[in-house]
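Participant: got a sequence here, can you model it:
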Amino acid sequence: MHKSQCAQEIIIGLTVFLVTFMNVYLSRYQRLTSEISVQAERAILYLPESGQISDLITDLYEQGIHFDKNELLWAANLLNWKSYRAGRYEINGSYSYNRFLSKLGRGEQDPFLVRVQAGQNHDSFTLRTSLQFRFSQEELDAAMKDSSMLRQHNIEEHHLLGRMLPNSYEMYWTATPQQFLARMLREFDTAVTRPYGERAAELGISIDEAVILASIIEWEVRHVDEKRKVSGLYWNRLNRRMRLQADPTVAHAIGERRRLLFADYRVDHPYNTYRIFGLPPGPINNPRLTSITAALYPEQHNYIYMVASGDGSGYHVFTTNYADHRRESRRWTNWLREQRRIRDLEAQQEQTTGTNSR
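Facilitator: Residues are numbered from 1 along each chain as shown. Coordinates of the predicted model:
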């Protein structure tokens, strides 16, 4: 009787153990495969370096990703997803532990839109671009000056910036500077070199020369509908072997974007088109496609002078002779003086009002 009772107790104990084990196993398995184990709403993880999941817990919490720490570590060990790869990851919605951990473990990054702005000089371009990627401004700057890269793409350093066509591009955050530049050059060839190469040849210029002229138009012109007219003016001056006398090239030469002084026009610089004939050696910024097409398809007219319109519209007044140009220039100068007088008067009134209120 005693032996029978002991055997019965052993069986009951084993049964309880097995049932408990199965319940725990099934519960863990259910949580392991549950699609609500990890949850987040539009969280973005930037992981500069690869590492261990166990070292990532705090960062995950700080990004608003919800999960059970012990379960996540248990799942990482069980599924052998103990490490993660560097990258940019978008976590949005609900995930099972396996889907979440494998995403990080395999390095299944989410691409993002890189925004390349128009009209940037070299320093502005490298800074604004690097802020969107893992690489630094210094690394991008070095890549743009790398002789082997330039030879590979058959381009001179001073022409490279002009080929950084403004647009939005889908890329990966961990792309290297070399990968980024190679992609940008492919995009330029697709959008400009192939479709417009023949047109440039018809005009007797290279694509790079078209981009140089486009970069001046980009800086000079605020309104798209005026670009071809300005292009026509520059072409008229080039065809008559006149100096371009484009103010943007002077601003580029002195390294400042401000109202120019008489002394600025006399600066000895290879980009100062008040001193040199023809186009400057390279582009002064990265122009939009609309500026490039304007350079290649100039409006036909006889204008050789222009000055900003004295109405604050951002347009220009075009003339065919110097006497008319002088007259329009005086109107522009008078408008500037009037604007300055109005600003000074408003500042004085504000100061008087502030004094009286005390």
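Participant: my guess is Gly107 contacts Tyr89. True?
Facilitator: No: between Gly107 and Tyr89 there is no contact under C-beta atoms under 8 Å: 9.1 Å. To be clear about C-beta, it is placed using only N, CA and C from the backbone, and glycine gets the same treatment.
Participant: next, give phi and psi for Gly51.
Facilitator: phi -170, psi -160 (degrees, to the nearest 10).
Participant: and for it, the neighbour number?
Facilitator: 15 (other C-beta atoms under 10 Å).
Participant: then Gly197?
Facilitator: Gly197 sits with 14 neighbouring residues when counted by other C-beta under 10 Å.
Participant: so how far is Phe125 from the nearest residue to it once chain neighbours are set aside?
Facilitator: Excluding its sequence neighbours, the residue lying closest to Gly197 (C-beta to C-beta, 6 or more residues apart in numbering) is Ile207, at 6.2 Å. Applying C-beta to C-beta, to the nearest Å, one obtains 19 Å for the distance of Ile207 from Phe125.
Participant: just Arg257 next, same as before
Facilitator: 15 Å.
Participant: neighbour count for Gly107 and Tyr89, which is higher?
Facilitator: The neighbour comparison of Gly107 against Tyr89 (other C-beta under 10 Å) goes to Tyr89, with 20 against 15.
Participant: settle this for me: the more buried one is touching Ile44, isn't it.
Facilitator: Yes: in this structure, Tyr89 is within contact of Ile44 by C-beta under 8 Å, at 7.2 Å.
Participant: Thr290 touches Glu226, doesn't it?
Facilitator: No: Thr290 sits out of contact with Glu226 when judged by C-beta under 8 Å, with a separation of 10.8 Å.
Participant: pLDDT below threshold where in this protein?
Facilitator: 1-7, 9-10, 12-33, 352-358 (pLDDT under 70).
Participant: switch to 90 and redo it
Facilitator: Applying pLDDT under 90 to the chain flags the ranges 1-37, 256-262, 309-314, 328-358.
Participant: just the strands in it please.
Facilitator: 38-47, 51-52, 83-84, 87-95, 112-116, 167-171, 305-308, 316-319 (DSSP state E).
Participant: now the fourth one and strand 112-116, what's the angle there?
Facilitator: Going back to what we said before, that points to strand 87-95. 140 degrees (axes from the mean of the first three to the mean of the last three C-alpha atoms, to 10 degrees).
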